[in-house]
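J.: no letters, just coordinates:
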């Protein structure tokens, strides 16, 4: 399985780096994360309860950060066991890019493999579950960033124009073209 994407974060690159290395913040943003414990230098133990299709399991695993380039990125290796449900392992590349004083872009690429019952349910279902987990993580992570750094939420989009207002805009524009001779 391979998963990659970009996510715009509403904070500076330095703030994003700090948040990506905050165990409590990550634990809160990872769906189903029961614990995330530091074991030593850039090593962590995680316990996650996940379900992929009909397979539900508690996975216990290890995460190891390497190739740290503060505040630009790192590599993450992971492996986990879910008992009869199966196992998984892989690597992720995380890179931060500054977009402005209060905005950065997080690029990620994940390559993973699974075995056991999880592998038997099909790669399409596993890929969809991974995409959903990534989407849920970034939604929670962005919300936590906004709360921690007091980022105001983006303004709501303007309400759509009514059918009458769109007709009126068209009609007045048409009349304007007639009177200016641009028709």
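T.: Here it is on my side, so go on. No experiment lies behind these values; they were computed from the predicted model shown.

J.: which neighbouring elements make contact with the longest helix anywhere in the chain?
T.: Looking across the chain with DSSP state H, the single longest helix is helix 123-148. Counting contacts by 3 or more C-beta pairs under 8 Å, 6 or more residues apart in numbering; DSSP states H and E, helix 123-148 packs against strand 2-9, helix 13-20, helix 23-29, strand 43-52, strand 103-115. For glycine as for every other residue, the C-beta is placed from the backbone atoms N, C-alpha and C.

J.: how does it look with 10 Å?
T.: strand 2-9, helix 13-20, helix 23-29, strand 43-52, strand 55-69, strand 87-100, strand 103-115, helix 117-120 (3 or more C-beta pairs under 10 Å, 6 or more residues apart in numbering; DSSP states H and E).

J.: next, the buried residues of the second one.
T.: For helix 13-20, burial by neighbour count (16 or more other C-beta atoms under 10 Å) applies to 13, 15-20.

J.: what do you get for the shortest one?
T.: Buried residues in helix 117-120, defined by neighbour count with 16+ other C-beta under 10 Å: 117-119.

J.: wait, which of the residues you listed is closest to residue 33?
T.: Closest approach to residue 33 among the buried residues of helix 117-120 (C-beta to C-beta): residue 118, at 17.8 Å.

J.: from residue 31, how far out is the closest one?
T.: 16 Å (C-beta to C-beta, to the nearest Å).

J.: report the distance from the longest helix of the chain to the chain centre.
T.: Centroid separation for helix 123-148 versus its chain: 4 Å, with C-alpha atoms, centre = their mean, to the nearest Å.

J.: can you give me the angle that helix makes with strand 55-69?
T.: 60 degrees (axes from the mean of the first three to the mean of the last three C-alpha atoms, to 10 degrees).

J.: and the next helix or strand past helix 123-148?
T.: helix 163-180 (DSSP states H and E).

J.: avg pLDDT for that following helix?
T.: Across helix 163-180, the average pLDDT comes to 88.

J.: quick one: contacts of that helix?
T.: For helix 163-180, contacts defined as C-beta atoms under 10 Å, 6 or more residues apart in numbering pick out 160-162, 182-183.

J.: quick one: contacts for residue 20?
T.: Residue 20 neighbours (C-beta under 10 Å, 6+ apart): 9, 26, 65, 71, 73-74, 76, 94, 96, 106, 141.

J.: excluding its backbone neighbours, what's nearest the residue nearest in space to the middle of the chain?
T.: The centroid of the chain falls nearest to residue 138 when counting by C-alpha atoms, centre = their mean (2.9 Å). Leaving aside its chain neighbours, residue 138 sits nearest to residue 7 (4.8 Å; criterion: C-beta to C-beta, 6 or more residues apart in numbering).
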